[in-house]
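1. sharing a sequence plus its predicted fold:
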Amino acid sequence: MFTNTVKQRYEIVGTATPWGASQTARKVMVGLTWYDTAGHGGLCISHGLANKKLSPNARAEGIKYAGSYWYEEDVQWCIPMYENPEWLELMHKQGIFSSLPTKDEIKKRIETYFPDYFKASKNEIIDFKSLKEGDLIILDKEDSEPFSILTVSGDKAVIVRHGSKYSLSKQMYFNRAKKVTRDGKIIHKEISNHLT
């Protein structure tokens, strides 16, 4: 058992995070890992777990990076914990947090630093698998010039702008896409908000 614990520890240490390479990583459960770096750290939630357990507003407040949602250690982590208090208890048991804040304390921190979280449900960009030939996609900045989707096959798409073709992977789409339009209309994923 000891060697297995050590092995798992070394497999995940050094993972790239939005704050630099990790120095330590603690897997809380499948899809949920706490990372520490030299200067910062926070919570990583896999795309699949986030889609199942987080509201659109919670996902919108996270950092999209390397195919997952990330929540920094100062305040952002409060958002997924507000929606999933059982995660907070798991993290407390593992020693990641030394004390358990109440749901009201967490809510007050979110209201102070992320007031948009409690507003009406936010729109999310459509899933990669829903892209179609002819869709226009804006990457990185809302005011960027769009690319046109030429083809979509599996986890890859070919996009074109000014006659130049580029490959767009599913992960790149997840990390960089800001808006998709079809027939002149912005298209969004069908979502429902489950804020508590």
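-> Structure received.

2. okay, CA-based contacts and neighbour counts for the rest of this
-> OK.

3. neighbouring contacts of stretch 15-34?
-> 9, 12-14, 35-46, 48-49, 63, 65, 70, 87, 90-91, 94, 96 (C-alpha atoms under 8 Å, 6 or more residues apart in numbering).

4. what residues sit buried inside that stretch?
-> For stretch 15-34, the neighbour count (16 or more other C-alpha atoms under 10 Å) marks 17-18, 21-28, 32-34 as buried.

5. keep only those of the contacts of stretch 15-34 that are in strands.
-> Among the contacts of stretch 15-34, the ones falling in strands (DSSP state E) are 35-37, 41-46, 63, 65, 70.

6. let me see the domain layout of this structure.
-> 2-118, 128-186 (automatic domain parsing).

7. the last one spans what distance, first to last residue?
-> Read that as domain 128-186. Chord length of domain 128-186, first to last residue, is 15 Å (C-alpha to C-alpha, to the nearest Å).

8. likewise for stretch 126-139?
-> This stretch, stretch 126-139, spans 13 Å end to end (C-alpha to C-alpha).

9. same check, this time on stretch 115-134
-> Span of stretch 115-134 from end to end, C-alpha to C-alpha: 36 Å.

10. who touches that stretch?
-> Residues outside stretch 115-134 that contact it (C-alpha under 8 Å, 6+ apart) are 56-58, 60-61, 110-111, 148-152, 154-155, 170, 173-174, 177-180, 182, 187-189, 191-193, 195.

11. selecting buried members of those in PyMOL, what would you type?
-> Of these, the buried ones go into a single PyMOL selection, burial set by 16+ other C-alpha under 10 Å:
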select buried, resi 56+57+58+60+61+110+148+149+150+151+152+170+173+174+177+178+179+180+187+188+195
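
12. from residue 24, how far off is residue 126?
-> Using C-alpha to C-alpha, we find residue 126 at a distance of 34 Å from residue 24.

13. about what we covered before: would you list the domains of the chain in JSON lines and tack on mean pLDDT?
-> As requested, the domains of the chain are exported to JSON lines (pLDDT from 0 to 100):
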{"stretch": "domain 2-118", "mean pLDDT": "86"}
{"stretch": "domain 128-186", "mean pLDDT": "89"}
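
14. so the residue nearest the centre of the chain bridges to which residues?
-> Geometric centre of the chain, nearest residue: residue 69, 1.9 Å, by C-alpha atoms, centre = their mean. Beta-bridge partners of residue 69, counted by DSSP bridges, are residue 45, residue 64.

15. surely it and residue 51 touch.
-> No: with contact defined as C-alpha atoms under 8 Å, residue 69 does not count as touching residue 51 (9.9 Å).

16. still on that earlier bit, Serialize the buried residues of stretch 15-34 to a markdown table and add fields for secondary structure.
-> Formatted as a markdown table, those follow (DSSP: H, G, I helix; E, B strand; the rest coil):
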| residue | secondary structure |
| --- | --- |
| 17 | strand |
| 18 | coil |
| 21 | strand |
| 22 | strand |
| 23 | strand |
| 24 | strand |
| 25 | strand |
| 26 | strand |
| 27 | strand |
| 28 | strand |
| 32 | strand |
| 33 | strand |
| 34 | strand |
